[in-house]
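Visitor: requesting a structural model of the entry that follows:
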Amino acid sequence: MGDLQDDSERRALDELYSLAYEDLRHRAARVRRGSSLSISPTTLVHAAWEKLAKTPAVARTDRDHFLGIAAHAMRQVLIDTARRRRASKRGGGAPLVTWDDDAIAATASATADYLLAIERELENLAPTQPRWVKVFECRFFGGLDVAETAAALQVSRETVQRDWKKVRTWLENALREFRS
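Guide: Predicted coordinates for the structure are as follows:
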């Protein structure tokens, strides 16, 4: 019985991927535009999908929840890429990252070191403000807008807007070393 359920979930996951591919690729392009990391939107989507495919139960989620899970997977891929880049000492250049509501922050020129610093600060923030981290993850790494983030996290748009403003301010203060 377990194999039949796994096969069924795998087929459902494959169908979900087919349906969501173009949307995810478009989001990945928004997130990746202008970044100094050498990973294309297509590669980002495929690598995130490899992570998602390890959990076929993802296919049972609704679209909004799926987008939140996909944002987390893209975050993991971008951070892993930044870590590899940093390990091979190919990073460089001062980052210029804006926290604009229209142009998601990751669309700016974020270096590997800067993304790793963001990741470190998000990990520090997660125990006390987990929703802020999820909002940032959806907006910055997932390319979701305010309404999509609200739906994915099952909170109001106003809550997302407040949390987005708070987490941006918190990160700007925490990452001053990159602003100098």
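
Visitor: which residues lie in contact with Thr159 in this structure?
Guide: Thr159 sits next to Arg131, Ala150 when contact means Cβ atoms under 8 Å, 6 or more residues apart in numbering. Where you see a C-beta, it was placed from the backbone N, CA and C, and this is true even at glycine.

Visitor: now with 10 Å, please.
Guide: The contact partners of Thr159, taken as Cβ atoms under 10 Å, 6 or more residues apart in numbering, are Arg131, Val135, Val146, Thr149, Ala150, Leu153.

Visitor: check the fourth one and give its pLDDT.
Guide: The predicted local confidence for Thr149 comes out at a pLDDT of 95.

Visitor: and for the second one?
Guide: pLDDT recorded at Val135 is 96.

Visitor: ok so it is a strand residue?
Guide: No - secondary structure of Val135 (DSSP: H, G, I helix; E, B strand; the rest coil): helix, not part of a strand.

Visitor: residues near it, how many?
Guide: Neighbours of Val135 under the rule other Cβ atoms under 10 Å: 28.

Visitor: would you check how far apart the closest residue in space to it that isn't next to it in sequence and Glu137 are?
Guide: Spatial nearest neighbour of Val135, chain neighbours left out: Asp163 (4.3 Å); criterion: Cβ to Cβ, 6 or more residues apart in numbering. To Glu137, Asp163 is 11 Å away according to Cβ to Cβ, to the nearest Å.

Visitor: and the strand or helix carrying Leu115, what other elements does it pack with?
Guide: Per DSSP states H and E: Leu115 is located in helix 112-125. For helix 112-125, the elements it packs on are helix 63-87, helix 130-136, helix 157-174, judged by 3 or more Cβ pairs under 10 Å, 6 or more residues apart in numbering; DSSP states H and E.

Visitor: brilliant, that's me finished.
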